[in-house]
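A.B. asks: no sequence on this one, just coordinates:
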């Protein structure tokens, strides 16, 4: 089954404790992205990647890191999480930057 | 910077009526305009998209129109049904894969 998976689905953590949210797709897509969703603000792109070892900043990259060492994986790293990073996070992949397939989402709470 | 504005933020219609959601974008070089539907607690899913070389696209009860000169595009849903109730997001692609989303429209279809 073609899909995008994220882990964990829910995470509660404390300020400053490094965390990683994993994202994996099995559709051989070149494009992958991370978004955060906050009420009233829609989806905001954090980082995107057009291929292995190619990443670029989106609209709100501050406080986040990504890596793309393999085509199928695109982890999101929060080196020192802060409460303003409490949000719902979605990973997405697409074949050529067009239709995006979203993962199920990760709800992160930073206290 | 690049941005997408979406109106209205909420929309309530009677079953069978039409619904229209409008978006404007800032960068005239944008070339791809998708619409996503997000049901409560679910991930966003593409419902229709349009490219900059096309003025209108239709898929059953859903249509999208694009006015490049005015830099706005609209989603039209005809013969609305209760299952159309969801949050709808427009988006515009800037550059290679910098995707900017509108803030969303919560559509409620009353039976």
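C.D. replies: It's in. On a predicted model such as this, the values are computed, not experimentally measured, just so you know.
A.B. asks: When you work out contacts or count neighbours from here on, use the C-alpha atoms and nothing else.
C.D. replies: OK.
A.B. asks: Flag every residue of chain A that's near chain B.
C.D. replies: Proximity of chain A to chain B (CA under 8 Å from any CA of the partner chain) is limited to residues A:40-45, A:48, A:50, A:58-59, A:90, A:97-105.
A.B. asks: Geometric centre of chain A: which residue is closest?
C.D. replies: The geometric centre of chain A, computed from its C-alpha atoms, lies nearest to residue A:34 (CA atoms, centre = their mean), at 3.2 Å.
A.B. asks: what sits against residue A:89?
C.D. replies: A:34-37, A:105-108 (CA atoms under 8 Å, 6 or more residues apart in numbering or on different chains).
A.B. asks: Residue numbers of chain B in contact with chain A?
C.D. replies: Checking chain B against chain A by CA under 8 Å from any CA, the hits are B:32, B:34, B:42-46, B:89, B:96-104.
A.B. asks: Which strand or helix spans residue 36?
C.D. replies: Defaulting to chain A. strand A:31-38 (DSSP states H and E).
A.B. asks: Can you look at chain B instead?
C.D. replies: Going by DSSP H and E, residue B:36 is part of strand B:32-38.
A.B. asks: in its sheet, what does whichever helix or strand comes after that strand sit against?
C.D. replies: Sequence-wise, the next helix or strand downstream of strand B:32-38 (DSSP H and E) is strand B:45-51. Strand B:45-51 pairs in its sheet with strand B:32-38 (antiparallel), by DSSP bridges.
A.B. asks: Can you show me the strands along chain B?
C.D. replies: All strands of chain B, identified by DSSP state E, fall at B:4-7, B:10-14, B:19-25, B:32-38, B:45-51, B:56-59, B:62-67, B:72-77, B:86-94, B:98-101, B:105-110.
A.B. asks: Lowest average confidence across those, which one?
C.D. replies: Confidence, taken as mean pLDDT, is least for strand B:98-101 of these (a mean of 89).
A.B. asks: what lines up beside the strand holding residue A:36 in the sheet?
C.D. replies: strand A:42-51 (antiparallel), strand A:87-94 (antiparallel).
A.B. asks: Need the residues that contact that strand.
C.D. replies: Residues from elsewhere that reach strand A:31-38 (CA under 8 Å, 6+ apart): A:43-51, A:74, A:76, A:87-97.
A.B. asks: Tell me which residue of chain B lies closest to chain A.
C.D. replies: Closest residue of chain B to chain A, CA to the nearest CA: residue B:103 (3.9 Å).
A.B. asks: show me the contacts for residue A:74.
C.D. replies: Residue A:74 sits next to A:22-24, A:32-33, A:66-68 when contact means CA under 8 Å, 6+ apart.
A.B. asks: Where strands are concerned, which of these count?
C.D. replies: Using DSSP E, the contacts of residue A:74 in strands are A:22-24, A:32-33, A:66.
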